[in-house]
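>>> The sequence isn't on hand, but the structure is:
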């Protein structure tokens, strides 16, 4: 029989084959073996055996890497044995002379993944071993094998450092900071040695050999992460201060070499570009992570000024820049990102400016006096407008050849990777910070381009762009209405083909100057035309992004116009079915359709019933957990569903057909759970009898299973729905169900067992018991009696235990509404001859006294304003100005609630009289029960009862 190693090798060979059936069988076999002892040790043997085909070894490395994710943690099910782990770690670094690049990279990734879990506790020697390997390559003869080992070791070290940097817990970060200085000294030495050697060769015009640059690039990647994440304050450490300045010198040399050899086809040119880009990342991340220590590090001003010179040099020759060199555009973007970080740190972190920390104050002084000086700010704004946010030749060509594609590209939110959008972001921050300085100059610029008859249209477009970007900041300085009427409308009427640049920009500016006080009546004359053109346009465009943008525009119109959109509802809804069918795999488009339908329903109110035949099937499809698009559509579909219910005055058969779906969705426990419960609540308030007759059992059964298994907020949301069910539905139809589903016993058990659920959840359970007692006290007492027998609890008096725990939890009830509800329940439950219950009369009276002291009522009960706030938040009962049909239903429910309609004093007086009557009259009742109550408490109750 073949050995385990041979079996594994054969299976890996089959998995690496081109035969689908063989691959499937082999992968299933590997999945069975991956939890077996010594599997990963054996797999490592195969990975490191260079006599085996490299494709098989590479596949083995992939399986090994995935296995680390699943089984290396101590807490993992079927975790790798600690002894096997130790044996693997001892051998893991023996791949350093592996010739195959992709395989070596996978091995380095495996080391980094294990390091993240095992360093330093189980693998304390890892970093020292890596450094030893690197040192051994420095002191030995630099043959090809030695160079390869050094390269592999540096790549591995970089990936390990990257993995350690991703650990953000305090102890992990402290550990990294302890090892960072030594690592930096060693790796920086290698970087400097190889970089200087390359510069020496380059000085004699020889950049043909790329070995030095490959090594220095790996070292620089490691240094970048070490410096950014391994030091608290780089301005106070000699090594980081030295490297900060050194790398700027190297950046300047790399730029000089790049300019000198830009026409060269050498691979070194790509590596030079990679160094320049990586140094840019180094500075950007340092400034983002350590803004104050970055500024305080010697040479920081030189760094910012150097990147500013790049912007000036290349920015002013911006024409066709992307055609000449996409790499140069990347450099300029990095320069803008650095500048943006400096501006944002000084403009938004007001706490930094006001801090009494001397280092922070000094850093802010440096920024204000040496970087963002008034002259610099003005020059920066001028450069941005004149050279960096202008349309370039390639923009105009793309616009001409593919206008739809260009617009979508131009409007995409990838500003950190595109020069002009990045420049626009910088300009916005600059104007926001230096509004007083820049606003008058921009207004002057507008006047100049308006007066000039020969003004470059590209420059005018850039100026108008600047106005749109700074609309908020320029609001007090520029009379937009006058500018619109006297300039923009005139220019918009210019039909010169070349003027389309300005016509587009004018439309764009108008959009940017959004009116907070939008007047739907003033827009009404243009509504029909706007919808007609948009619905026509959406059928003409070809790209998904275009349709999405038009749909969002229609959605905004519906939202702003509210009920005025009603005459155009059919035109909009007729547009949507073909769009829905054509969406296919565009998973963002269908949610946008659901969103516009939601706004349309909200705008139409009760008239939205006419849309049900179209909308209900869409909801049914979108909320089906077995559907292919469920995960993309659920959230927006629930919003639409809720909007339909809130705005319906009746429940159509189509709408009612969705009830099973909402009950089923409760089982999935998604982040939309509370919204799902709100939908169910809306059905209950709309048609309580229909819900009770058709779906009472599945609803209560679902609640019974879910309570206790969900978080506290979800449990409270369920309780709120149950409370509404008890208020709206006939109790005779509910009583049997809440027993048979185990729901009532779940409440009692949670209260009796001292459940670890949050106190306010237990209080909510108690409030449901109170509500049931008020509705039907005899049902409650009978249930407790039956439960005492059914759950085999002969050793305790269950009603006694329930009342004891209930009274004990009463002080946890904070809201006056809930306290009154429980006081009413205790008044209701005394209408019995049960001596156990009546034995608690003194405690009941104490609670009545507390509650009566807390509230003051009118003759007819509490005023509705008293607890209005809670209902507004939780149940959607708002002011009359935004009433929906559901708001009216919930307000009516609130007005019928016995808590609000009942005068507590009269209620207690009535229930005491009933209790006296069924317990032998006043004299006998006083003799048996009242005489046991503290006289002071009785006097207090009498005073409170007679105070009104």
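Perfect, I can see it now. Fair warning: this is a prediction, and the values are worked out from it, not measured in the lab. Numbers count the residues shown, from 1 in each chain.
>>> residues contacting residue 908?
Shown in contact with residue 908 (Cβ atoms under 8 Å, 6 or more residues apart in numbering): 823, 827, 848, 945. Every C-beta, even on glycine, is put in place using the N, C-alpha and C of the backbone.
>>> Revised request: answer the last question for residue 664.
Here residue 664 is in contact with residue 625 (Cβ under 8 Å, 6+ apart).
>>> Next one: it from residue 698, what distance?
As for residue 664, its distance to residue 698 is 9 Å (criterion: Cβ to Cβ, to the nearest Å).
>>> before we move on, what about residue 753?
27 Å.
>>> The two: which has the busier surroundings?
Between residue 753 and residue 698, counted using other Cβ atoms under 10 Å, the more crowded position is residue 698 (16 against 10).
>>> Might one say that that one is in contact with residue 662?
No: assessed by Cβ atoms under 8 Å, residue 698 is found out of contact with residue 662, at 10.6 Å.
>>> So for the two, which residues contact both of them?
Common neighbours of residue 698 and residue 662 (Cβ under 8 Å, 6+ apart) do not exist.
>>> Residue 733 - nearest residue in space that isn't next to it in sequence?
With Cβ to Cβ, 6 or more residues apart in numbering as the criterion, residue 733 has its nearest non-adjacent residue at 4.7 Å, and that residue is residue 692.
>>> which phi and psi does that neighbour have?
Backbone dihedrals for residue 692, given as degrees, to the nearest 10, come out at phi -60, psi -50.
>>> can you tell me which of the contacts of residue 908 lies nearest to residue 631?
Set against residue 631, the nearest of the contacts of residue 908 by Cβ to Cβ is residue 823 (47.4 Å).
>>> Could you pull up the contacting residues of the closest residue in space to that closest one that isn't next to it in sequence?
The shortest distance from residue 823 to any non-neighbouring residue, by Cβ to Cβ, 6+ apart, is to residue 851 (4.2 Å). Residue 851 is in contact with 816, 819, 820, 823, 904, counting by Cβ under 8 Å, 6+ apart.
>>> looking at this, residue 851 is in a strand?
No: the assignment for residue 851, made by DSSP: H, G, I helix; E, B strand; the rest coil, is helix rather than a strand.
>>> From residue 242, how far out is it?
For residue 851 relative to residue 242 (Cβ to Cβ), the value is 74 Å.
>>> in what helix or strand does the residue nearest the centre of the chain lie?
Centroid check for the chain by Cα atoms, centre = their mean gives residue 671 as the closest residue, at 12.1 Å. Taking DSSP states H and E as the definition, one finds residue 671 inside no helix or strand.
>>> how close does it get to residue 631?
For residue 671, the distance to residue 631 equals 12 Å [Cβ to Cβ].
>>> State the three-state secondary structure for residue 648.
Classification of residue 648 using three-state DSSP returns coil.
>>> Can you give the domain ranges for the chain?
Residue ranges for each domain of the chain read 1-92, 470-510, 516-647, 687-813, 819-873+881-947, as given by the TED database.
>>> Assign the residue nearest to residue 35 when sequence neighbours are not counted to helix, strand or coil.
If the residues on either side of it in the chain are set aside, residue 35 comes closest to residue 78, at 4.0 Å by Cβ to Cβ, 6+ apart. In three-state terms, and counting by three-state DSSP, residue 78 is coil.
>>> do the same with residue 564
Classified using three-state DSSP, residue 564 is helix.
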